[in-house]
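1. pasting the sequence and the predicted coordinates here, then a few questions.
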2 protein chains.
Amino acid sequence: MNSVHQIIYAKWLMTCEPNNKVLENHALIIHDGVIKDILPSKEVSLHYQSNEVHEYSTHAVMPGFVNTHTHLAMSFFRGLADDLSLMDWLNNHIWPAENAWVREEFVYDASLFAMAEMIRSGTTCFNDMYFFLQATARAADVAGIRGRIGITVIGFPTAWAKTSDEYIAKGLEFYAEYKQHPRIGATFAPHAIYTETEATLIKIRDLAEKHNLKINMHIQETADEVNQSMSQTKLRPLRRLNDIGFVSPRLIAVHMTQIDEEDLEIISAQKPQIVHCPESNMKLASGSCPVTTLQKLGINVALGTDSVASNNDLNMLAEMRSAAYHSKLITSNPEALNAYEVLTMATLNGAKALGIDHVTGSLSKNKSADFIAINLDEIETLPVYHPASQIVYAASRSQVTDVWVAGKQLMKNRVLLTLDEGELKKKAHYWFNKINQS
Amino acid sequence: MNSVHQIIYAKWLMTCEPNNKVLENHALIIHDGVIKDILPSKEVSLHYQSNEVHEYSTHAVMPGFVNTHTHLAMSFFRGLADDLSLMDWLNNHIWPAENAWVREEFVYDASLFAMAEMIRSGTTCFNDMYFFLQATARAADVAGIRGRIGITVIGFPTAWAKTSDEYIAKGLEFYAEYKQHPRIGATFAPHAIYTETEATLIKIRDLAEKHNLKINMHIQETADEVNQSMSQTKLRPLRRLNDIGFVSPRLIAVHMTQIDEEDLEIISAQKPQIVHCPESNMKLASGSCPVTTLQKLGINVALGTDSVASNNDLNMLAEMRSAAYHSKLITSNPEALNAYEVLTMATLNGAKALGIDHVTGSLSKNKSADFIAINLDEIETLPVYHPASQIVYAASRSQVTDVWVAGKQLMKNRVLLTLDEGELKKKAHYWFNKINQS
């Protein structure tokens, strides 16, 4: 009889791998923050005992969501400017607001607020791109969530850094500081091809190789971006990036709503990671990432919400549903991107994109205990013929009752355990009053 | 000083008409189930007093949603068969299940269950199309919700009726029985052109005129439907319906995902009501209703969820968001269908489609007190720059705290007042066990 830290009983275990197996009345055995075993509930008492037992008797227990593209500290700009085109929205609303408000304290408060929203909707791992990286990391440390924080590099000055070299230097300081952290790490995050010089991109390419870091970047988010590149260089952004050796499995290409045959050839050959952000792309009318075409080519496609300023939430449950609807609509095929496929995109594929699928992204032995419980015994998700269908097509974020990262419980029966909801709301009101009255 | 039944204080009143006005710190004065006055909160005590005062101090108070296309009693088929094409889904899954299970008791239980879901997500009025009309009406009577129940006519036998004449005769009995009901009424609901004869449609046309009833019908839901009509008659379904005088403001044309220039001419001339069901249409990959094109022609476009078997919920908040995303995507215009427009589609336009906009659909003097309160003081919807944006793009159904129909409170702080949630869940499990084991 083995004594273990936690035993988690579940009505349904959505393992995600192998083959999206759904195990009914099974248990997770957790020790030292790691999944040690998965077995039928009725066999648990033959092998394991624990002082900490959790019964999710009407719940689906599944890997936490991996939100593979976010700008967390924009959470206090939620709903500031809607129903506008990307460049109008950026130039006339978002960048001026950022210029006025984005400082260390703001980034900490807004990121912590975003993490509360993520935990409350079942996200256990994020991939961020913003400024004041240590502020975001401190927030993630407090919240207990897992994350990758982008070393943002953008070709104009902000309160965080003035030049590309300063962005890179500050980013590398952050990387060194958090190199040993069990949950938090760095990626490179050049903003976009239209805000960088080729020289800076080549420098980032070499540094990313040296430190073995992923590079995530907005690429071909809109037709405007492609057209601008074509008129300046006669080449599409992805082609230009490929020409400098930027396109590889190390690259996390975010959005990719404009893909032509030449792009598909590059993608097929170089196998970058792709992040689909359907709600942001639909809301800003940016275009459509051809997810099922990419999947047929064996490309790893993950899912991200983008920021709440263009979504307007960080809800991966809703993002899954939108991804399924979006793919069925653009392919005219109702079988495209079924519930199991979209669950995998929102979990395991995100971990793969970040290169941490040996740690998280599925319920598998020896992976970190990063999981969530979704109560399906609600009016809105009964009856349950297929739990994956109910999760993707009917459940709402309020049905996520419990969230765990690395064996630590972050939410219990809808109550946040690492964060103070009342304090977070006060901060939101504090910043709203400053921003709204300016 | 007037003594009134209820005074409702709201942080924000989303009136919907005129001009989508948002009133901050205003109150609704309710007497005998009707909105008697709307005035600034601080002026209330000068004019009104009441023994029943409700303070929605962090809420948006808005007209309840009008779900303009539903098949409520399919709620126990939620998630039975997903990720399939319309005809496969209908022929091989839904119609066999209906054939096996749809009887009076089933329709009552499943409709009541659906009404609980609707109330919990802020819907105060529905437009249904199903069988065993009295069972649905009895459920609506118990639930306290407002609704229109379709006199379904379909060209094959069911447990409800064997022939078109029997469907019509039973429907007219229902109509007569509920003619004087304050909240419940009838429409005609021929299922679709491919399940009816022209003779039956002409009969329905004349009866609808005689009794002044709306006619709602699935029209041009898929390309298959249009192609089948073209190959049989060389005419599109809408053209055939127009040729028999079926297309008029009396007609509620549901789906209309296939619209060509000839259709637009007919629609412009005859001004039918159109119901857009974006989630069902995307999930079944049926096609796209061109909402903004129709709006520019001055056509009234309302919003419906369709049944949970193809959605998979009855959540009008999510349907609004999907409608906005869908229109922006298919028009490549991020300004298409903004938050205010989609709020109006989901409320007032539904009431207009049903011909009851003198009774419900907006917060206006002398309309019925059919309204909901949505708490925006949650992590997911803070801060609030524009309440309409937060409602459409960020709020979830669990933020609907209170629901009122005709001055009667149906939900208070998330607790159903007319229905027993525990009993409803037991019924869902009871029917699940029967259906799943068969």
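-> Received, thanks.
2. from here on, just use CA atoms for contacts and neighbour counts.
-> Noted.
3. nearest residue to residue A:414 in space, please, no chain neighbours.
-> When the adjacent residues along the chain are set aside, residue A:414 lies closest to residue A:401, with 4.9 Å between them (Cα to Cα, 6 or more residues apart in numbering or on different chains).
4. what's the spacing between the one you found and chain B?
-> With distances taken as Cα to the nearest Cα, to the nearest Å, residue A:401 is found 13 Å from chain B.
5. helix, strand, or coil at that residue?
-> The local conformation at residue A:401, judged by DSSP: H, G, I helix; E, B strand; the rest coil, is strand.
6. which residues in the stretch 301-438 of chain A form helices?
-> With DSSP state H, counting those that start in this stretch applied, the stretch 301-438 of chain A shows helices at A:316-331, A:339-345, A:348-353, A:387-393, A:421-436, listed in chain order.
7. winner for burial among the ones you listed?
-> With neighbours defined as mean count of other Cα atoms under 10 Å in any protein chain shown, the helices of the stretch 301-438 of chain A peak in mean count at helix A:348-353, which reaches a mean of 27.
8. dump it to CSV, keeping only the CA atoms.
-> Included here for helix A:348-353 are C-alpha records, laid out as CSV according to Å, rounded to 0.1, in the frame of the first residue of the first chain:
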residue,chain,number,x,y,z
LEU,A,348,-1.9,19.1,-25.5
ASN,A,349,-1.2,21.1,-28.7
GLY,A,350,-0.5,24.2,-26.6
ALA,A,351,2.0,22.3,-24.5
LYS,A,352,3.6,21.0,-27.7
ALA,A,353,3.8,24.5,-29.1
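9. what is the least confident helix or strand in chain A?
-> Of the helices and strands making up chain A, the lowest-confidence element is helix A:86-89, at a mean of 82, by mean pLDDT, DSSP states H and E.
10. quick one: the helix or strand that comes right after that one to chain centroid distance?
-> If you walk from helix A:86-89 toward the C-terminus, the next helix or strand you reach (DSSP states H and E) is helix A:95-101. When distances are taken as Cα atoms, centre = their mean, to the nearest Å, helix A:95-101 is centred 24 Å away from the chain's centroid.
11. so what touches the helix or strand just after helix A:95-101?
-> With elements assigned by DSSP H and E, the helix or strand that comes after helix A:95-101 is helix A:104-120. Around helix A:104-120, the neighbours that count as contacts under Cα atoms under 8 Å, 6 or more residues apart in numbering or on different chains are A:72-76, A:124, A:131-132, A:135-136, A:138-140, A:143, A:145, A:314-315, A:397-398, A:400-401, A:403, A:410-411, A:414, A:416, A:419, A:421, A:424-425, A:427-428, B:379-380.
12. any idea which of the helices of the stretch 301-438 of chain A gets closest to residue A:97?
-> Closest of these to residue A:97 is helix A:421-436, at 8.0 Å (criterion: Cα to Cα).
13. and the closest one, what other elements does it pack with?
-> Helix A:421-436 is packed against helix A:104-120, with contacts defined by 3 or more Cα pairs under 8 Å, 6 or more residues apart in numbering or on different chains; DSSP states H and E.
14. also compute the angle for the helix it packs on relative to helix A:316-331, please.
-> 80 degrees (axes from the mean of the first three to the mean of the last three Cα atoms, to 10 degrees).
15. circling back to that earlier point, send the alpha carbons of the least confident helix or strand of chain A over as CSV?
-> Once non-C-alpha atoms are left out, helix A:86-89 reads as follows in CSV (Å, rounded to 0.1, in the frame of the first residue of the first chain):
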residue,chain,number,x,y,z
LEU,A,86,-7.2,46.2,-36.2
MET,A,87,-5.1,49.2,-37.2
ASP,A,88,-7.8,51.8,-36.0
TRP,A,89,-8.1,49.9,-32.8
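16. the helices of the stretch 301-438 of chain A into a markdown table, with extra columns for mean pLDDT?
-> Output for those, formatted as a markdown table (pLDDT from 0 to 100):
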| stretch | mean pLDDT |
| --- | --- |
| helix A:316-331 | 98 |
| helix A:339-345 | 97 |
| helix A:348-353 | 98 |
| helix A:387-393 | 97 |
| helix A:421-436 | 96 |
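17. with distance to residue B:241 as extra columns, can I get those helices in JSON lines?
-> Rendered in JSON lines, the data for the helices of the stretch 301-438 of chain A read as follows (distance: least, Cα to Cα, whole Å):
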{"stretch": "helix A:316-331", "distance to residue B:241": "27"}
{"stretch": "helix A:339-345", "distance to residue B:241": "37"}
{"stretch": "helix A:348-353", "distance to residue B:241": "49"}
{"stretch": "helix A:387-393", "distance to residue B:241": "34"}
{"stretch": "helix A:421-436", "distance to residue B:241": "53"}
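18. now stretch A:367-374: mean pLDDT?
-> For stretch A:367-374, the mean pLDDT works out to 98.
19. stretch A:198-205 now?
-> On average, stretch A:198-205 scores 97.
20. show me what counts as buried in it.
-> Applying a neighbour-count criterion of 16 or more other Cα atoms under 10 Å in any protein chain shown, the buried positions in stretch A:198-205 are A:200-201, A:204-205.
21. name the nearest of these relative to chain B.
-> Closest to chain B out of those is residue A:201 (30.7 Å), distances taken as Cα to the nearest Cα.
22. touching, the closest one and residue A:189? I think so.
-> No: with contact defined as Cα atoms under 8 Å, residue A:201 does not count as touching residue A:189 (10.2 Å).
23. run a quick neighbour tally on the residue nearest to residue A:284 when sequence neighbours are not counted.
-> Of all residues not flanking residue A:284 in the chain, residue B:334 sits nearest, at 4.9 Å (Cα to Cα, 6+ apart). Using other Cα atoms under 10 Å in any protein chain shown, residue B:334 is surrounded by 23 other residues.
24. these two touch, right, residue B:334 and residue A:85?
-> Yes: here residue B:334 lies in contact with residue A:85, judged by Cα under 8 Å, at a distance of 5.3 Å.
25. got any residues that touch both of these two?
-> Looking at what touches both residue B:334 and residue A:85 (by Cα under 8 Å, 6+ apart), the common residues are A:284-285.
26. domain ranges for chain A, per the record?
-> Per the record, chain A has its domains at A:2-63+A:367-406, A:65-354, by automatic domain parsing.
27. dump these to TSV, plus distance to residue B:285.
-> Supplementary listing: the domains of chain A in TSV, determined by distance: least, Cα to Cα, whole Å:
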stretch	distance to residue B:285
domain A:2-63+A:367-406	15
domain A:65-354	5
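28. residues touching whatever residue of the stretch 51-200 of chain A ends up closest to chain B, list them.
-> Residue of the stretch 51-200 of chain A nearest chain B, by Cα to the nearest Cα: residue A:83 (4.7 Å). Under the criterion of Cα under 8 Å, 6+ apart, the contact partners of residue A:83 comprise A:283-284, B:334-336, B:338-339.
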